[in-house]
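Q: sequence and predicted structure are below.
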Amino acid sequence: MFKAPEAARTAAGPGWLSRLYCLVLCLSLMAPVMAAAAPVRVGVMTMQPGEIFWERFGHNAVVIDDGERMTSYNFGFFDPGEDGFALNFVRGRMDYLLAALPLEQDLAYYRRAGRGVSIQWLDLDKTQREFIAGHLQHLAKPENARYRYDYFTNNCATQVRDVVDAALSGRLQKQMSASSLGNSYRSETVRLAWPARWMAIGFDLGLNAKADAALSRWQDAFIPMRLQDSLAEFRLADGRPLVRETEVLLEHKLMPPPDELPRWSLAAMGIGLALGGVFFLAGMKYPKAFKAMALVYGGLCGLIGTVLLLIWIATEHRFAHGNANLLLFSPLSWLALVLYSICNRSAVGQRAFTLTIMVLAGMAVLAVALNLLDTDSQRNLNWILMALPAHWAISRTLLRQTEPKALSK
């Protein structure tokens, strides 16, 4: 219970003047709390993709306007200087932070980077606005600000989505879970990374079958721009749109990502046929060149396979575990390289090499079978088209080269 200071009560005198003074003093002290508890507006701010690799997927935040200042609650902060950051990043154990900062301060970076920013002001009642403001204030406390980050299921966009959904008593999730655009984690990730080809191809190579499942629009909202689109279409219980007004704060000045996932199957097939043709021709007419190229190709396959295997057994990147591309790029290639260098020394080494090559070829055939027969398999047709012709040409040539000596024994 509030009590006015003794000096104040004495100066005010007895009776109604004293009570009036206390009331005015109470209201003046409570005014900042009341303003913070009942914001004038609540909005979802969406930042368009940037050029740095971790900015390719866009970003968002919740903006609270209390009538005097606008505060951005941004779930996208991390500290690269903290102990073990690099190792944790590689292992998939990232912790992100929620930070509350003045809107203009948050906008300064996006203005310099040329990234577009807009705010969707939400048509929420007083109770809902109070809930979001209070919840965010609670989460922004140092002891609550840290959360375990996941690229797909617990990132800056899903955090914003969940705060809005909680204020709407779960109606946002119910409505968004009932429909799908047919996107997947792979299609969205590769699409948004496409301006940086190396990054897009790396994601496509590294993601497993779980990344190919069709997403509901609720799951789709791991991409800030998809959340923005869904919020624009959401209707409240009485039929009113959730978004009352969209305000563009900064125009986007960078090249946008493609609207649809680029199709590169023909390019993959062309690369694969070219590689297969070169290996076949070299195997027939240029044995020294073939040997050098086979060693390089085998080393590359072994390196890719080793990385994929290590991601599976040593990290928490669960959308890369059990990657079917291990059938095309196997660590077993390292064994084949070692046996290739000693196979001419003994019949045992020759037979071991032949068996290893046959196993590698069989794994590639299995990758094709899984892709064709299993509708829930990993969508890695592009990698099959690129790798299979080279696998066939190399296996055929190596088996043909070792066959005469094996038979003579």
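A: Perfect, I can see it now. Residues are numbered from 1 along each chain as shown.

Q: what residues sit buried inside the helix or strand containing Leu231?
A: For Leu231, the host element (DSSP states H and E) is helix 224-233. Under the neighbour-count criterion of 16 or more other CB atoms under 10 Å, helix 224-233 has 224-231 buried. C-beta coordinates here come from the backbone N, C-alpha and C atoms, glycine included.

Q: please apply the same query to stretch 247-267.
A: Neighbour count says stretch 247-267 has 249-250, 252, 257, 261, 264 buried, by 16+ other CB under 10 Å.

Q: now render these as TSV, adding distance to Asn154, secondary structure and pLDDT.
A: Converted to TSV, the buried residues of stretch 247-267 look like this (distance: CB to CB, whole Å; DSSP: H, G, I helix; E, B strand; the rest coil; pLDDT from 0 to 100):
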residue	distance to Asn154	secondary structure	pLDDT
Leu249	27	strand	97
Leu250	27	strand	96
His252	27	coil	96
Pro257	23	coil	92
Leu261	24	coil	90
Trp264	30	coil	92
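
Q: and Trp150, how many neighbours?
A: To be clear, residue 150 is Asp; Trp isn't right here. Neighbours of Asp150 under the rule other CB atoms under 10 Å: 17.

Q: go on, Asn344?
A: 12.

Q: ok, Arg93 next?
A: The burial count for Arg93: 14, using other CB under 10 Å.

Q: OK, contacts around it?
A: 148, 316 (CB atoms under 8 Å, 6 or more residues apart in numbering).

Q: assign it to helix, strand or coil.
A: coil (DSSP: H, G, I helix; E, B strand; the rest coil).

Q: can you give me the pLDDT of it?
A: Looking at Arg93, its pLDDT is 90.

Q: cool, and Trp198?
A: 92.

Q: that one: how many residues sit nearby?
A: Trp198: 9 neighbours (other CB under 10 Å).

Q: buried sites along the helix or strand containing it?
A: Secondary-structure assignment from DSSP H and E places Trp198 in helix 197-206. Using 16+ other CB under 10 Å as the test for burial, helix 197-206 gives 199-201, 203-206.

Q: and the very next helix or strand once past that helix, what does it pack against?
A: Later in the chain than helix 197-206, the nearest helix or strand by DSSP H and E is helix 217-220. Packing partners of helix 217-220 (3 or more CB pairs under 8 Å, 6 or more residues apart in numbering; DSSP states H and E): helix 171-176, helix 224-233.

Q: so can I have a markdown table of the ones you listed showing mean pLDDT and distance to Thr354?
A: Shown next, in a markdown table, are the helices and strands packed on helix 217-220 (pLDDT from 0 to 100; distance: least, CB to CB, whole Å):
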| stretch | mean pLDDT | distance to Thr354 |
| --- | --- | --- |
| helix 171-176 | 96 | 55 |
| helix 224-233 | 97 | 51 |
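
Q: go through those helices and name the closest to Trp218.
A: helix 171-176 (4.0 Å; CB to CB).

Q: give the next helix or strand downstream of the closest one.
A: Next element after helix 171-176 (DSSP H and E): helix 185-193.

Q: quick one: average confidence on that following helix?
A: 96.

Q: what's the model's confidence in stretch 153-162, averaged?
A: Stretch 153-162 comes out at a mean pLDDT of 96.
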